[in-house]
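J.: With the input below, show me the fold.
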Amino acid sequence: MSREAAVAFLATVAADANLRNELDACLEGATDEVGAFIELAAQKGHSFAPADLAEALRPEGYVDEEELDRVAGGLNPQPDPPLSYFVEVRSRYYNILGPALYKTSFSISR
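T.: Predicted coordinates for the structure are as follows:
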C-alpha cells in the first residue's frame, strides 16, 4: 500500500477511457465512493489505503494546516503549473472522492 500505487492507478485511469467509464459506473450510486474506488483499483492490481489515495489526489502545492503552521513568512511566487490530462483526471476524482476521504480519513475542521 502506497501513495505511488495510487498515483500509478490514477495514471492508468488517465490513459484508459474504458477504465474511466468503468470507474464512473462503479462510483455512480455507490454509498462508499472511496471503498468502491479502492476496490476497483485492487481488481486492476493496484493496492493502496484511503490515506494513500488522499495523498495522491491532493492538488499540487497543497499545504495542510500543520505544514502551514510551520511556514515562517516570505513570498515564493510560483508560475501556474501546466495542465496535463493526469492533473485533470486527478482533479476530477479529487472533487468526487475528496470530501469522503477527508471526512473519514482525517479530522479536518472547517
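J.: Residue 48 and residue 37, how far apart?
T.: Look at residue 48 and residue 37: by CB to CB, to the nearest Å, they are 10 Å apart. No exception for glycine: its C-beta is placed from N, CA and C like everyone else's.
J.: higher neighbour count, these two?
T.: residue 37 (26 against 23; other CB atoms under 10 Å).
J.: So the more buried one: helix, strand or coil?
T.: Three-state call for residue 37 (DSSP: H, G, I helix; E, B strand; the rest coil): helix.
J.: can I assume it is in contact with residue 22?
T.: No. Using CB atoms under 8 Å, residue 37 makes no contact with residue 22, being 11.3 Å away.
J.: who touches both of these two?
T.: The overlap between the contact sets of residue 37 and residue 22 (CB atoms under 8 Å, 6 or more residues apart in numbering) is empty.
J.: For this protein, which element, helix or strand, carries the lowest mean pLDDT?
T.: helix 85-105 (a mean of 61; mean pLDDT, DSSP states H and E).
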